[in-house]
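Undergrad: Sequence plus predicted model, see below.
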Amino acid sequence: MIQVASYCRVSTDKEDQANSFEAQQRFFESYIAQNPDWELYAIYADEGTSGTSTKKRVQFNRMISDAHAGKFQLILTKEVSRFSRNIVDTLSYTRELKAIGVAVEFLTDHINSMDSDGELRLSIMAAMAQEESRKTSNRVVWGQTRQMEKGVVFGRSMLGYDVKDGKLTIEPEGAEIVRLIFRKYALEQVGTTEIARFLTREGYRTYRGSAKWKSGAIIKILKNEKYVGDLVQKKTYTPDYLTHEKKANKGQVPQIRIENHHDPIITREIWNLAQERLERNNKRGDGEAGHSNRYVFSGKIKCGQCGSSFVGRMKVLKDGTKVRRWSCGTTVSEGTAGCDVGKLVRDDDAMEMLKTALRSFSLDEGAIIRNVTTLALEAIQAGESGAADAPERLQFELDRLQQKKEAVMDSFFAGDISKEDMLAMKGRYEAQEATLRERLEQAEKRLRQGCGRDQLKEAIQEEVAALLNGETESEVLSKTLLKDLTVFKDRHMELRLNHLPHVFRFAG
């Protein structure tokens, strides 16, 4: 008695296809029952999945596994396109099954993989099925593109917007969180990490319901043009209809942009301010997270009356000098006189207050210079020995590449991969090998030239001394030391340093 399995698949989960799915199962049960030498082992069925790839076809993969376990000797399927629309998959799996004595019979196409001309006919039918899949994919993409050009939204709901029937509508609760994020980033100059901490601390929920916010989520919101009423679609594309894998669209296909497409959550002015700040941070290599590194006092100067952060604005004096002045953000963001603290703080004045506070401490400058220099040199040495470009590490990577190249050639000569695949992989590995060899040569050259440690030590000592004496300024150091500067209505100010209880008071 021959144990027989069957495989059926429908490519979508629509109701009419579901009926076809049930019909396929009934057909196989009846067909197998008519042959007295056959006994049904199992019907493997994937519903609502594509045939161009086997990665997400759970039942298909289980069937292959059971075949290797010797649970049946024959697989029945309706036609080649039901088994797979990928030529490589069709041929490789039928060859794999044939090698272990399992035949695949395609009923409608009258092909049995065990026949002498089975593989030739199977190749022809598989090629036709793959071409039909390509045409279908092109038709779908063309139709979606025309719909996008008409303003139909393809995508899911998000924080602040619901997407239904291709339209965006504002979701009020989420919209308030979006406005808060843009106001803090664009107007109050608060960094994305600090915004994430604030939202988490205050109990705001992300769109997915998480209580913990991350800087990356804030950045995505700040970059999403939908919040200003614009629509950009085709941000990703599918380069290969067989794998269905999406990639970021960096100009490979035209994007579809529609301005003023729907009701905005934020104004164009605030959107522009946010994008300018993101661009500035990106150009400076600051990333787009954490406090802004562009200005020491961003998010650090607080209003003693309403609690808002001060907002910086550039002022050009009569002599042409440019100075940054800070004022309460309530008036700027709300457009009203809701806060009358009435105090403008110049950037250079605030920096002098910080220096005054630091100079009030009795510090052993010599000990600090020695300790910081030692730590810096140790960090540099550790970085060099453990870096990705250490010669030992690069040589290890070269050895691994050589093993990969040898494995590719073995697979080619064994007939497991085509000549085209072999050449493509071999070329990729050789390009990686050339890059690694260049990096190895540079790393070995750096080792040979590693004789400037005394000069490096001296340079570090001079830099630390200049920082301690106030001869040079470090934005990173200043932001690390400064907790906040609070401005009160009577014009006096209070400065606090991180991890210290003392309050430094300055008259207005």
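TA: That came through, no problem. Residues are numbered from 1 along each chain as shown.
Undergrad: show me where the stretch 1-150 of the chain has helices.
TA: 15-33, 58-68, 80-83, 87-99, 118-149 (DSSP state H, counting those that start in this stretch).
Undergrad: Show me the one of those helices that comes nearest Phe182.
TA: Evaluated over the helices of the stretch 1-150 of the chain, closeness to Phe182 peaks at helix 118-149, with 25.9 Å, by CB to CB. Glycine gets a C-beta too; all of them are placed from N, C-alpha and C.
Undergrad: Alpha carbons of the helix or strand following that closest one, as CSV, please.
TA: Note on helix 118-149: by DSSP states H and E, the next helix or strand toward the C-terminus is strand 161-164. Extracted as CSV, the C-alpha positions of strand 161-164 are listed here (Å, rounded to 0.1, in the frame of the first residue of the first chain):
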residue,chain,number,x,y,z
TYR,A,161,-4.4,59.0,12.6
ASP,A,162,-6.8,56.2,11.8
VAL,A,163,-6.7,54.7,8.3
LYS,A,164,-9.9,53.3,7.0
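Undergrad: Just the buried residues of the helix or strand following strand 161-164, please?
TA: Counting by DSSP H and E, the next helix or strand C-terminal to strand 161-164 is strand 167-170. Neighbour counts over strand 167-170 (16 or more other CB atoms under 10 Å) mark Leu168 as buried.
Undergrad: After strand 167-170, which helix or strand is next? Please name it.
TA: Sequence order places helix 172-182 as the next helix or strand after strand 167-170, per DSSP H and E.
Undergrad: Give me the distance between the two termini of stretch 71-91.
TA: 22 Å (CA to CA, to the nearest Å).
Undergrad: list the buried ones in it?
TA: 72-78, 80-87, 89-91.
Undergrad: ok, back up a step: nearest to Gln432, of the helices of the stretch 1-150 of the chain?
TA: helix 87-99 (24.2 Å).
Undergrad: So what pairs up with the spatially closest residue to Arg156 that is not a sequence neighbour in the strands?
TA: In space, and not counting its chain neighbours, Arg156 is closest to Val163: 6.0 Å by CB to CB, 6 or more residues apart in numbering. Applying DSSP bridges to Val163 gives these bridge partners: Leu168.
Undergrad: For Asp263, see how far away Val163 is.
TA: 13 Å (CB to CB, to the nearest Å).
Undergrad: quick one: which of these two has more around it?
TA: More crowded of Val163 and Asp263, by other CB atoms under 10 Å: Val163, with 15 against 11.
Undergrad: so who does the more buried one touch?
TA: By CB atoms under 8 Å, 6 or more residues apart in numbering, Val163 lies in contact with Val153, Gly155, Arg156, Ser157.
Undergrad: Please name the residues that touch Val316.
TA: Per CB under 8 Å, 6+ apart, neighbours of Val316: Lys322.
Undergrad: mind checking how far it is from Leu344?
TA: 15 Å.
Undergrad: does Lys483 really touch His502, like I thought?
TA: No. With contact defined as CB atoms under 8 Å, Lys483 does not reach His502; the gap is 10.9 Å.
Undergrad: where do the contact lists of the two overlap?
TA: Joint contacts of Lys483 and His502 (CB under 8 Å, 6+ apart) are Arg496.
Undergrad: Local confidence estimate at Thr330?
TA: Per-residue pLDDT puts Thr330 at 72.
Undergrad: number of nearby residues for it?
TA: For Thr330, using other CB under 10 Å, the count is 24.
Undergrad: I'd guess it is in a helix, am I close?
TA: Yes. Counting by DSSP: H, G, I helix; E, B strand; the rest coil, Thr330 is located in a helix.
Undergrad: Only the buried residues of stretch 259-279, if you could.
TA: His261, His262, Pro264, Ile265, Ile266, Ile270, Trp271, Leu273, Ala274, Arg277, Leu278.
Undergrad: Surely the fourth one touches Ile177?
TA: Pointing back at Ile265 there. No. Using CB under 8 Å, Ile265 is not in contact with Ile177; the gap is 9.7 Å.
Undergrad: Please enumerate the shared neighbours of these two.
TA: Joint contacts of Ile265 and Ile177 (CB under 8 Å, 6+ apart) are Gly160.
Undergrad: Which residue, other than its chain neighbours, is closest to Tyr161?
TA: Using CB to CB, 6+ apart, the closest residue to Tyr161 is Leu168 (4.9 Å).
Undergrad: What are the contacting residues of stretch 93-107?
TA: 31, 54, 64, 67-68, 70, 72-80, 83-84, 111-114, 118-119, 122, 125.
Undergrad: Please identify the buried residues of it?
TA: Buried residues in stretch 93-107 (16+ other CB under 10 Å): Tyr93, Thr94, Leu97, Val102, Ala103, Val104, Glu105, Phe106, Leu107.
Undergrad: partner residues bridging the fifth one?
TA: When you say that, I think you mean Ala103. Applying DSSP bridges, one finds that Ala103 bridges with Leu74.
Undergrad: Distance check, it against Gly118.
TA: Taking CB to CB as the measure, Ala103 falls 9 Å from Gly118.
Undergrad: shared neighbours, those two?
TA: By CB under 8 Å, 6+ apart, the residues touching both Ala103 and Gly118 are Asn112.
Undergrad: residue contacts, the closest residue to Arg268 other than its chain neighbours?
TA: Nearest residue to Arg268, sequence neighbours excluded (CB to CB, 6+ apart): Val228, at 5.9 Å. By CB under 8 Å, 6+ apart, the residues touching Val228 are Pro264, Ile265, Ile266, Thr267, Arg268, Trp271.
Undergrad: winner for burial among the helices of the stretch 1-150 of the chain?
TA: Ranked by mean neighbour count, these are led by helix 80-83 with a mean of 24 (mean count of other CB atoms under 10 Å).
Undergrad: Centre of the chain to that helix, how far?
TA: 35 Å (CA atoms, centre = their mean, to the nearest Å).
Undergrad: And that helix, what does it pack against?
TA: strand 2-10, helix 87-99, strand 103-106, helix 118-149 (3 or more CB pairs under 8 Å, 6 or more residues apart in numbering; DSSP states H and E).
Undergrad: run the last query once more with 6 Å
TA: On a contact count with 3 or more CB pairs under 6 Å, 6 or more residues apart in numbering; DSSP states H and E, helix 80-83 meets helix 118-149.
Undergrad: relative orientation of the helix it packs on and helix 87-99 in degrees?
TA: Going by axes from the mean of the first three to the mean of the last three CA atoms, to 10 degrees, helix 118-149 is angled at 150 degrees with respect to helix 87-99.
Undergrad: Which parts of the stretch 301-450 of the chain are helices?
TA: Assigned by DSSP H, counting those that start in this stretch, the helices in the stretch 301-450 of the chain fall at 329-334, 347-359, 365-386, 391-413, 419-448.
Undergrad: All good on my end, thank you.
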